[in-house]
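Peer 1: Here is my input, please return the structure:
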Amino acid sequence: MKEKVSVTGVPETMIQTLYARAKVSEKDNPMIRDDMAAEIVSKLDYDFSAADHDAAMHSGVIARTIVLDRLVGEYLAAHPGATVMNLACGLDTRCYRMQGYAHWYNLDLPETIAVREALLPESGSISQLAMSAMDDWGAAVEGPSGPALVIIEGLTMYLTQAAALNAAFDARLQALRADNAAAGKEKQFHLEKQILPGIAAYETLQTVMPKEEALQTVHGYVEQRAWKLRKIFLALMRIPGLPRKTPGIFTKQTRRMFGEAAGFEAREIETTGGVWRIDMTKCPYHDACVHYGCPELCPCFCDSDDITYDDLHPDLLWRRTRTLSRGNDCCDFCLKLR
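Peer 2: I've put the predicted structure just below:
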């Protein structure tokens with residue numbers, strides 16, 4: 001029997017972020033594994049249809065989780081016995097994935113903690129505090145004798161800095177669009193789909209985090225889009241006869257969507273007899289990243305191809321050994337029948 005959960009406003013956002021972590025944990029090769037989130041979601045009687053269609057929210061949650069898991073884990077490894085204060089915790093389950101802390105406090109508004117206590121009754125080294133992050137919560141914490149760590153993952157989106165960050169991203173994206181306004185519709189498809197948003201996000205994130213973390217965050221977002229696209233392709237591969245037609249379909253799509261008008265240049269090596277093999281010698285993803293001084297971002301887009309197309313079907317073999325983004329003279333794509 002599932003528990004009936006009715007939430008609005010911020011608590012509803014809390015449920016949806018939990019759902020994002022649960023969904024990614026179901027994948028064959030998850031970027032994170034949050035078994036506690038999956039267990040909670042399985043108990044809920046809740047309409048997740050809106051969350052299912054919010055790919056940007058899912059990707060942002062997962063990218064943020066990856067970065068913060070690593071940062072918190074590194075801090076606890078260097079400071080065993082630390083006290084952790086998790087402000088605006090929502091239904092965060094990081095305390096179950098981390099080790100080495102003396103006490104972990106999860107703090108949020110009373111209505112949020114009421115939901116949390118129903119689903120995650122905590123005791124021992126984990127405590128829950130029902131108050132605002134703006135209250136004097138220090139008085140409710142048993143005086144730590146060692147180092148302390150404060151996490152504000154669930155709070156930043158409501159702060160002025162977060163609003164400023166979103167505004168900076170929007171402004172940079174608009175500037176990039178204006179800079180590329182002369183591009184034709186074929187190239188605009190690729191610019192709008194991933195290239196310009198990726199560059200704008202990468203540049204903006206570097207104003208609030210180290211460059212490597214910004215790169216990992218954008219990479220995580222691009223990967224999640226690729227996993228979603230892969231799911232669609234896997235479903236298509238169940239159509240009788242389609243796998244054997246796929247190399248030919250790739251040949252036609254390359255000529256239609258990845259031609260010179262879109263900013264690509266390709267040499268067709270072999271495109272008959274169940275083989276799609278081309279060398280891409282020019283790519284707008286690579287060109288744009290180089291032009292805007294972030295060539296290290298381009299492999300994010302290349303890696304997404306491997307996620308999407310590798311091992312789609314037993315009859316198909318995907319292979320690529322070289323990419324422009326990694327300093328080679330071309331991207332050598334190959335998809336063929338085994």
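
Peer 1: quick one: furthest residue from the center of the chain?
Peer 2: Here the centre of the chain is the reference, and by CA atoms, centre = their mean the most remote residue is G273, at 37.5 Å.

Peer 1: so what's that residue up against?
Peer 2: G273 makes contact with no residue under the criterion CB atoms under 8 Å, 6 or more residues apart in numbering. Where you see a C-beta, it was placed from the backbone N, CA and C, and this is true even at glycine.

Peer 1: Distance of it relative to P247?
Peer 2: Look at G273 and P247: by CB to CB, to the nearest Å, they are 9 Å apart.

Peer 1: can you point me to the longest helix in this structure?
Peer 2: helix 211-236 (DSSP state H).

Peer 1: residue ranges with poor pLDDT in this structure?
Peer 2: Within the chain, the ranges that satisfy pLDDT under 70 run 1-12, 50-51, 53-54, 56-57, 143-145, 154, 156-162.

Peer 1: Show me the strands in it, by range?
Peer 2: Secondary structure of the chain (DSSP state E): strands at 3-4, 44-45, 82-87, 101-108, 126-130, 148-151, 265-270, 275-282, 316-320, 331-337.

Peer 1: Now S123. Its backbone dihedrals?
Peer 2: phi -160, psi -180 (degrees, to the nearest 10).

Peer 1: ok, it - contacts?
Peer 2: Per CB under 8 Å, 6+ apart, neighbours of S123: none.

Peer 1: State the distance from it to D108.
Peer 2: Taken as CB to CB, the span from S123 to D108 is 17 Å.

Peer 1: before we move on, what about P299?
Peer 2: 38 Å.

Peer 1: Next: D52.
Peer 2: Taken as CB to CB, the span from D52 to D108 is 25 Å.

Peer 1: do E260 as well
Peer 2: Taking CB to CB, one finds E260 at 54 Å from D108.

Peer 1: out of the two, which sits in the busier spot?
Peer 2: A count of neighbours by other CB atoms under 10 Å puts D108 above the other of E260 and D108, at 28 against 11.

Peer 1: Grab the nearest non-local neighbour of the more buried one.
Peer 2: Leaving aside its chain neighbours, D108 sits nearest to C89 (5.0 Å; criterion: CB to CB, 6 or more residues apart in numbering).

Peer 1: contacting residues for that neighbour?
Peer 2: N106, L107, D108, T112, R116, G154.

Peer 1: again with G274
Peer 2: R244, P247, G248, K336, L337.

Peer 1: for it, phi and psi?
Peer 2: Per degrees, to the nearest 10, the backbone of G274 is at phi 80, psi 20.

Peer 1: so how far is L335 from it?
Peer 2: For G274 relative to L335 (CB to CB), the value is 9 Å.
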